[in-house]
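In: model the following, please.
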Amino acid sequence: MIFQNRSRCRENKSIFRAGNQVLQHTHEYTYLGLKLSSTGNFNLAVNELKAKAMRVFYMIKNTIRHEIPIQTWLKILQAIIEPIALYGSEIWGPLKTQDFSKWKKEAIETLHTQICKSILKVNRATPNNSCRAELGQHPLLINIQKRAVKFYQHLKRSDPSSYQAEALRCQEQNRPRSTLSQLMLKLQPDQHSTIWPNQIIQLQKLNDITYWKDATKSQKKMELYLNLKRDYKPAEYLSCVKEHKVRKTLTRYRLSAHCLAVERGRHRQRWQPRERDCVCVCVCVCVCVCVCVCVCVCVCERERERVSECPLSGCRERTAPAEVAAERERLCVCVCVCVCVCVCVCVCVCVCV
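Out: Residues are numbered from 1 along each chain as shown. Prediction:
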């Protein structure tokens with residue numbers, strides 16, 4: 001494999017032989033578990049690591065048949081998933097963007113967000129910032145920077161005559177083109193003072209929290225969450241609430257991932273004008289009143305016919321027969337039922353509006 005920039009014609013004119021056998025050119029090669037590309041980027045390697053970590057996570061999730069605590073899932077994420085996803089990040093990590101606003105679109109961070117949503121059992125439309133904050137998870141960029149700092153310090157402490165020390169010296173001679181050196185200058189501006197990796201990580205976490213607060217203020221969907229969530233740490237109810245159905249419902253309410261009209265209504269494209277809603281209410285009320293009036297008129301007419309057919313109709317003050325009284329009771333029940341139905345329809349229409 002020949003490392004070169006992508007050109008119009010990728011056919012290599014050079015021929016390499018091992019004895020009498022001609023070696024074939026390849027554009028991809030897996031070395032120590034990382035898939036290398038002839039262009040020199042690690043996008044193929046990162047995508048393959050993402051796929052491996054995703055397969056492992058869902059294999060574990062499908063194997064566990066019962067509900068386990070959220071803290072256990074976070075330990076599985078830290079102890080099993082992250083080492084797979086961040087394999088070799090000491091090399092390819094500095095090549096990625098170091099800005100928190102752009103890092104969220106990277107393949108590894110999308111994996112992290114997807115796993116957090118799966119642990120919380122919320123849908124894909126849930127804001128990424130709220131899912132990570134609910135679990136107290138910082139972006140994986142911070143862990144990558146920690147690995148890169150440790151790797152840089154390891155190279156600095158290595159034998160000066162070793163190949164890795166010589167390679168580091170060559171990179172530092174041309175720092176503008178050395179991503180590792182640029183990362184160290186960003187994380188540790190004062191090269192003369194010794195700053196331990198944990199100190200750098202704590203500083204980066206504070207920077208991430210500052211960015212999180214600024215980013216969430218501009219999201220309307222996060223208004224409720226900002227009133228409930230004040231600290232960037234795992235929510236207390238995740239460990240206190242043992243019933244998983246109740247915890248799932250509470251999580252969806254806090255993260256605005258529920259199906260209530262207050263949340264789903266914001267995504268509706270067509271809203272009826274307020275005047276049209278008022279017209280609908282007025283029409284519904286008028287129809288109900290007309291129905292009630294018609295029923296009352298029918299009852300009165302029926303009662304008049306029944307009295308006129310009665311043999312004692314000549315004297316209206318006398319008591320009607322038993323059939324007339326029973327018919328009157330049935331008609332009264334029908335009128336009451338009709339009125340109740342009309343009132344319920346009016347109330348439902350008003351509530352929907």
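
In: quick one: secondary structure of the closest residue to I115 other than its chain neighbours?
Out: When the adjacent residues along the chain are set aside, I115 lies closest to F57, with 5.8 Å between them (Cβ to Cβ, 6 or more residues apart in numbering). Where you see a C-beta, it was placed from the backbone N, CA and C, and this is true even at glycine. Taken by DSSP: H, G, I helix; E, B strand; the rest coil, the conformation at F57 corresponds to helix.

In: pop the domain breakdown of the protein in here.
Out: Here the domain parsing of the chain from automatic domain parsing is 1-40, 49-265, 288-306+323-353.

In: helices of the stretch 1-150 of the chain, start to end?
Out: Ranges of helices within the stretch 1-150 of the chain are 43-63, 70-76, 82-85, 89-92, 100-103, 107-120, 128-135, 140-157, based on DSSP state H, counting those that start in this stretch.

In: out of those, which one sits most buried?
Out: Mean neighbour count (mean count of other Cβ atoms under 10 Å) peaks for helix 128-135 among the helices of the stretch 1-150 of the chain, with a mean of 23.

In: how far away is D214 from L135?
Out: Counting by Cβ to Cβ, to the nearest Å, the gap from D214 to L135 is 20 Å.

In: quick revisit: Q24: which of the helices of the stretch 1-150 of the chain is closest?
Out: Across those, Q24 has its closest neighbour in helix 43-63 (18.8 Å, Cβ to Cβ).

In: redo the helices of the stretch 1-150 of the chain as JSON lines? Include mean pLDDT.
Out: JSON lines is the format used below for those (pLDDT from 0 to 100):
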{"stretch": "helix 43-63", "mean pLDDT": "92"}
{"stretch": "helix 70-76", "mean pLDDT": "92"}
{"stretch": "helix 82-85", "mean pLDDT": "93"}
{"stretch": "helix 89-92", "mean pLDDT": "89"}
{"stretch": "helix 100-103", "mean pLDDT": "85"}
{"stretch": "helix 107-120", "mean pLDDT": "92"}
{"stretch": "helix 128-135", "mean pLDDT": "88"}
{"stretch": "helix 140-157", "mean pLDDT": "87"}
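
In: could the ones you listed be laid out in a markdown table, adding distance to D231?
Out: What follows is these, written out as a markdown table (distance: least, Cβ to Cβ, whole Å):
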| stretch | distance to D231 |
| --- | --- |
| helix 43-63 | 27 |
| helix 70-76 | 17 |
| helix 82-85 | 23 |
| helix 89-92 | 28 |
| helix 100-103 | 19 |
| helix 107-120 | 17 |
| helix 128-135 | 9 |
| helix 140-157 | 18 |
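
In: those helices: which one's closest to V289?
Out: Short answer: helix 128-135, nearest of the helices of the stretch 1-150 of the chain by Cβ to Cβ, at 48.4 Å.

In: list the contacts of the closest one.
Out: Helix 128-135 has contacts (Cβ atoms under 8 Å, 6 or more residues apart in numbering) with 70, 74, 104, 112-113, 116-117, 119-120, 122, 138-139, 212, 215-216, 219, 222, 225, 229, 232, 234-235, 238, 251, 254-256.

In: if we can go back for a sec, okay, the domains of the chain, which one's buried deepest?
Out: domain 49-265 (a mean of 15).

In: sounds good, over and out.
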